[in-house]
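*Asks:* sharing a sequence plus its predicted fold:
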Amino acid sequence: MPDHYVFLKLGAGSANGNDLTTNIIPLKATSVDISTTKTIPSIDVPLGGILQGESVTAALDLGMASKSITVNGYILEDAIVKKFSDDANAISRTFTAIEIAQLIHSSIDSTGLQPYQAINELVFLYDSKVDSSYTQRTPTGATQLIPFTFASRGEGGLTTGTLDNQGVVRPNAFPTNEYSNGLKGFVRSFNSTIDSTTIDIAFSLNFEVATVFPSGNILTTIEEALE
């Protein structure tokens, strides 16, 4: 079992897809609060109560919703692995709790144009017993760690979509294992408390799911950002 289940990924990420250590900040989370708020413009229909005996509200679903994650926990001395180019060797350094808190604060203060500083992904692993094709994982009761996302099961296609993705032209892929993509976005706020009576640092982090521009470098295109 992994030592951590919640991670912050830097924009640089890792050249190795099967890696939850490089250019990643692990968090010791005690609670994760997930909020999804639907945005649908609505209007009360005049005379609806006269015609139907009850009032009517019309709503237009434009596919808008805001999604945010709040993580609470604590920070202890820990190892952070960094790699500053694809062909460079990874280095591992042990940071104090305050150093890790400072690292996160400075990362949030940067922009997407600084990929070795900026945080652009939150990974929250949980146990899954049903895979992307609605197949029960075997043997009975077996689980697979996958990151929490807002993706649905099934293949995409306006007329060829399957399972939950029927009618969805270009869905995001449902996670297959712990190395799948997590939630892309940005840290809205990060609060840390330094207490002289403890060796750990309590923190509260709010992450907003979004497609962030600019990212990587000033020439990043909309198509690249949506991949």
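*Replies:* Looks like it arrived, so ask away. Since the structure is predicted, the reported quantities are computational estimates derived from the model, not experimental observations. Numbering: from 1, shown residues only.
*Asks:* what residue, apart from its backbone neighbours, is nearest the residue positioned nearest the centre of the chain spatially?
*Replies:* Nearest to the mean C-alpha position of the chain, counting by Cα atoms, centre = their mean, stands residue 183 at 2.0 Å. Spatial nearest neighbour of residue 183, chain neighbours left out: residue 122 (4.7 Å); criterion: Cβ to Cβ, 6 or more residues apart in numbering. No exception for glycine: its C-beta is placed from N, CA and C like everyone else's.
*Asks:* quickly find the element holding the one you found.
*Replies:* According to DSSP states H and E, residue 122 maps onto strand 119-128.
*Asks:* just checking, next helix/strand downstream of that strand?
*Replies:* Taking DSSP H and E, what comes next after strand 119-128 is strand 144-147.
*Asks:* any idea how far that next one is from the chain center?
*Replies:* With Cα atoms, centre = their mean, to the nearest Å as the basis, strand 144-147 stands 13 Å off its chain's centre.
*Asks:* poorly predicted segments of the chain, please.
*Replies:* The model of the chain has pLDDT under 70 over residues 1-2, 14-16, 52, 215-227.
*Asks:* surely the residue nearest to the centre of the chain and residue 149 touch.
*Replies:* Yes: under the criterion of Cβ atoms under 8 Å, residue 183 is in contact with residue 149, at a separation of 6.2 Å.
*Asks:* pull the longest helix from this protein.
*Replies:* Ranked by residue count and defined by DSSP state H, the top helix of the chain is helix 97-108.
*Asks:* list the buried ones in it?
*Replies:* Buried residues in helix 97-108, counted by 16 or more other Cβ atoms under 10 Å: 97, 100, 101, 103, 104, 107, 108.
*Asks:* and the residue nearest to the centre of the chain, how far from residue 99?
*Replies:* 25 Å (Cβ to Cβ, to the nearest Å).
*Asks:* next one: residue 149
*Replies:* Residue 149 is 30 Å from residue 99, by Cβ to Cβ.
*Asks:* what about the strand ranked longest in the chain, distance to the chain center?
*Replies:* Longest strand in the chain, counting residues (DSSP state E): strand 24-39. Relative to its chain's centre, strand 24-39 lies at 8 Å (Cα atoms, centre = their mean).
*Asks:* for it, which positions count as buried?
*Replies:* Buried-residue list, strand 24-39, by 16+ other Cβ under 10 Å: 24, 25, 26, 27, 29, 32.
*Asks:* same check on stretch 142-162?
*Replies:* For stretch 142-162, by 16+ other Cβ under 10 Å, it's 144-149, 151-156, 161.
*Asks:* any idea how far apart the tips of that stretch sit?
*Replies:* Taking Cα to Cα, to the nearest Å, stretch 142-162 runs 24 Å from one end to the other.
*Asks:* go on, stretch 135-151?
*Replies:* For stretch 135-151, the end-to-end distance is 16 Å (Cα to Cα).
*Asks:* and for that stretch, what's in contact with it?
*Replies:* With contact meaning Cβ atoms under 8 Å, 6 or more residues apart in numbering, stretch 135-151 is reached by 2, 5, 34, 36, 67, 123-131, 171-178, 180-183, 209.
*Asks:* repeat for stretch 203-217
*Replies:* By Cβ under 8 Å, 6+ apart, stretch 203-217 touches 11, 27, 66-75, 101, 104, 111-113, 115, 118, 120, 122, 150, 183-193, 220, 222, 224-226.
*Asks:* that concludes my questions; thank you for your assistance.
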